[in-house]
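K.L.:
After the sequence you'll find the predicted model.
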Amino acid sequence: MLKGANSKIAFIFGMFEINQNKLLMKKTLLLGCAVGLGLAASAQSNGQGALSRPSSAASAANDQSMVTNVPARGLKTITPVAKTNAVTIKNLGTSRNAFGNAFGVRQMIVASNASNSVALVRRFTLPGSSGTVKADVSIDGGNTWVISKMETWTAATATTAARYPRAAMINPPGNTNGANTVLISSQPVLDGSNGSWGGLGLSATTFGGTSLGSRAFSSSAARDTMHGIPSSVVAAGSKIFILDQNGDIAATDYSDTLLLTTGTFAGTSVSWSRNFILFATGTGSSGKAGIADMTMAFDNSGQIGYIVALTHTNFTTDTAESYLPVVMKTTNGGTTWSAPVQLSISSAVSTALGLTTPITATTGFEVSATVDNAGNCHIVSHVGRQSGSFSVVSAPGESGTFHFKTDGATLLATRAIGAPGSLRGTFGIGTSTLSQDTRPCASRNDAGNKLFFSWYETDTTNSGSNDQADLMTVGYDVAANRYTQAFNMTKNTLAEGAMVFGSVAPIVFERPGTGGSTDYELAASYLELNTTGDVNDSTYHRYIKGAVINSASFVGASDLNASNLNVSKVYPNPSNGVANFEISFDRASDVKVSVTNMVGQVLNTKNFNKMTGRNIINLDVNFPSGIYFINVEAAGKKVSQKLIVE
């Protein structure tokens, strides 16, 4: 993230640094190449080279300006999108540009299972003020939507213009009527009290459209209260929590304190207060460590909660300049917090990846978290080998999407749940571009006994960078300590490869499935760029309806560190002599692939050593017409599929 000697800490908001009204994104990503493997055919490899976050001062300046009544370029007609493979793409509203969703995971979409409601907040488009925030709302579980149902923040002047909205949701106790669900909208405001920024705009509105009031805070150097772009906005019980890194933007000065704005819902209104939390980062050989990303998560009661930061606070126990999960815990609703605890992850990550030579691990630059029914925190982030100051190597076999479990004091469990072939993708034209990484999202059901970890990755057969991403999700049964396989929720749908700046709500819908089972449905959205490809032009929000994981899918290995073997369906099937399938792992594994006939006779076999990542296997099945079986064995698991040869 920070390279070279630093005499002063960089003040980081979420995924980017704000300095003298410019967005300077300086995270470094080193990506290596995977070794291709295959059976009589091919495998995939990745090599993005060394990447840095681009500096786009012109785009940033445009995003901070108060634009009104200026024709947007490249607008296209939005037509209904047909249903494909049980997933429907719902068209939501538009935004002035793509910036509102960029720079890390933006929690713009929220859902309530109890009231069957879901909402998305977004910066408005033109005509009108691009600093106004609108909300699209559904009270039937995402089936039908009211676009621009309410205006959650109004930009009357340039100094009240909002950017980067985030949302939280409160469902009053016992409420099942979506119209009574309360939407909390939080957005930084360009009031000029901290550089161009400094304001924090807050509002509470029922889904029925009744305003419960709004509040605006400004930064104050005299009170050492400096708002930027909030790192996290969450709601639990009757409380709302907004987390800021406290510091002076113009001086790029982080004060080693966090600014926690807390709202209390009282039925017809919300009262707000602000408090400081001491959070000092450590000093390494290159200077004081920055904060790559930060999030919060609470249990249903709103009493047990965690702050999770990707930073470095203790260079004595972990000497390398790497980003590590650092956690703080509260058991009294945020009144007091434990001291920061840095989780040393290198040994556990090396084991989870199946590496014989341990690596020094570092996280990527994004994090998400949720809290289970036992009060433990579950963290999801990209993790890889550290290479240089706060840099990550992202190559299959040396990195992956990881799940960490902690009680706030110790690292309880570690598992690699995915193996993206590339970490970063870039969008835009010319010098105005935006980047996205895998954007991890942690969700849970109301009870907190089923968790869901999502991220966005690109099939490397389509692109070598993460610019044609799909929504990937793994489910986790807390009590049984079991995982589902990694599901590609958008493959073979009209949203395949289209996930730009996606986000998943922290609560899933829970509905009766077939045969007494339960369906868990993600509330997920993404952005569709304009036909111009320009990230400064108007963009389109989409909702993914039907991204479901069934309870019968929780049949994975109970060992948190077991390899996660995923095998796609064989195609074409029936075959006329050639068969293909995809095999992927979240850690290096020895693999045996065989073909047998109806009586179990082995007709072909091949062994692979330390296969990792995603691989396409092409088989020569030039056998007599009949029924055969393709068998894949790895990490103590066996997957068999029937193949018909014509």
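P.N.:
Structure's in. What do you need?
K.L.:
Look up the pLDDT of G32 for me, please.
P.N.:
At G32, the pLDDT value in this model is 38.
K.L.:
same thing with the one 10 residues further on?
P.N.:
pLDDT recorded at S42 is 31.
K.L.:
just S558 next, same as before
P.N.:
Looking at S558, its pLDDT reads 43.
K.L.:
Backbone dihedrals for A486, both of them.
P.N.:
Here is the backbone geometry of A486 (degrees, to the nearest 10): phi -80, psi 110.
K.L.:
any idea of the pLDDT on it?
P.N.:
For A486, the model assigns a pLDDT of 89.
K.L.:
And it, how far from N550?
P.N.:
Distance, A486 to N550, by C-beta to C-beta, to the nearest Å: 15 Å. Placement of C-beta: from N, CA and C, glycine included.
K.L.:
do A222 as well
P.N.:
56 Å.
K.L.:
between these two, which one's more packed in?
P.N.:
N550 (15 against 6; other C-beta atoms under 10 Å).
K.L.:
Which strand residues bridge the more buried one?
P.N.:
Applying DSSP bridges to N550 gives these bridge partners: D519.
K.L.:
give the contact list for it.
P.N.:
G513, S517, T518, D519, Y520 (C-beta atoms under 8 Å, 6 or more residues apart in numbering).
K.L.:
Mind doing that once more with 7 Å?
P.N.:
N550 makes contacts with G513, S517, D519, as judged by C-beta atoms under 7 Å, 6 or more residues apart in numbering.
K.L.:
so for stretch 505-512, what's the average pLDDT?
P.N.:
The average pLDDT for stretch 505-512 rounds to 97.
K.L.:
What's the end-to-end length of that stretch?
P.N.:
Using C-alpha to C-alpha, to the nearest Å, the end-to-end distance of stretch 505-512 comes to 20 Å.
K.L.:
change the start of the numbering to 231 and stick with it
P.N.:
Sure, I'll start counting at 231 from here, so that last one is stretch 735-742.
K.L.:
Contacts for that stretch, please.
P.N.:
Residues from elsewhere that reach stretch 735-742, judged by C-beta under 7 Å, 6+ apart: 339-343, 348, 371, 600, 673-676, 682, 748-753.
K.L.:
Just the ones of those in strands?
P.N.:
339-342, 348, 600, 673-674, 682, 748-751 (DSSP state E).
K.L.:
Put the buried members of those into a PyMOL selection.
P.N.:
Selecting only the buried entries of those in PyMOL, with 16 or more other C-beta atoms under 10 Å as the criterion:
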select buried, resi 339+340+341+342+348+600+673+674+682+749+750+751
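K.L.:
For this structure, which residues score under the pLDDT cut-off?
P.N.:
Within the chain, the stretches with pLDDT under 70 are 231-315, 356-359, 479-482, 786-795, 815-818, 840-844, 865-866.
K.L.:
Now the spatially most central residue of it: closest residue in space, sequence neighbours ignored.
P.N.:
Central residue of the chain (C-alpha atoms, centre = their mean): P670, 2.5 Å from the mean position. Using C-beta to C-beta, 6 or more residues apart in numbering and skipping residues adjacent in sequence, the residue nearest P670 is V610, 4.2 Å away.
K.L.:
Mind listing what's buried along stretch 693-707?
P.N.:
Residues 693-707 are the ones in stretch 693-707 that count as buried (16+ other C-beta under 10 Å).
K.L.:
next one: stretch 664-677
P.N.:
Buried residues in stretch 664-677 (16+ other C-beta under 10 Å): 664-676.
K.L.:
does T656 really touch D667, like I thought?
P.N.:
No. With contact defined as C-beta atoms under 7 Å, T656 does not count as touching D667 (10.7 Å).
K.L.:
where do the contact lists of these two overlap?
P.N.:
Counting by C-beta under 7 Å, 6+ apart, T656 and D667 have no contacts in common.
K.L.:
hang on, the earlier thing: show me the contacts for the residue nearest to the centre of the chain.
P.N.:
Neighbour list for P670: V335, E596, V597, S598, V610, S611, H612, T631, W685 [criterion: C-beta under 7 Å, 6+ apart].
K.L.:
What residue spans form the domains of this structure?
P.N.:
With automatic domain parsing as the criterion, the domains of the chain are listed as 287-297+319-783, 795-876.
K.L.:
what about the first one, distance to the chain center?
P.N.:
Computed by C-alpha atoms, centre = their mean, to the nearest Å, the separation of domain 287-297+319-783 from the middle of its chain amounts to 6 Å.
K.L.:
And the helices in this protein?
P.N.:
Secondary structure of the chain (DSSP state H): helices located at 287-294, 576-582.
K.L.:
which strands and helices sit next to the shortest one?
P.N.:
Secondary-structure packing of helix 576-582 (3 or more C-beta pairs under 7 Å, 6 or more residues apart in numbering; DSSP states H and E): strand 641-648.
K.L.:
The residue nearest to P670 is in contact with L681, isn't it?
P.N.:
No. Between V610 and L681 there is no contact under C-beta under 7 Å: 9.3 Å.
K.L.:
who has more neighbours, those two?
P.N.:
V610 (29 against 25).
K.L.:
returning to that earlier point: redo the contacts of P670 as CSV? Include distance to G443.
P.N.:
Formatted as CSV, those follow (distance: C-beta to C-beta, whole Å):
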residue, distance to G443
V335, 28
E596, 32
V597, 32
S598, 29
V610, 34
S611, 36
H612, 39
T631, 40
W685, 36
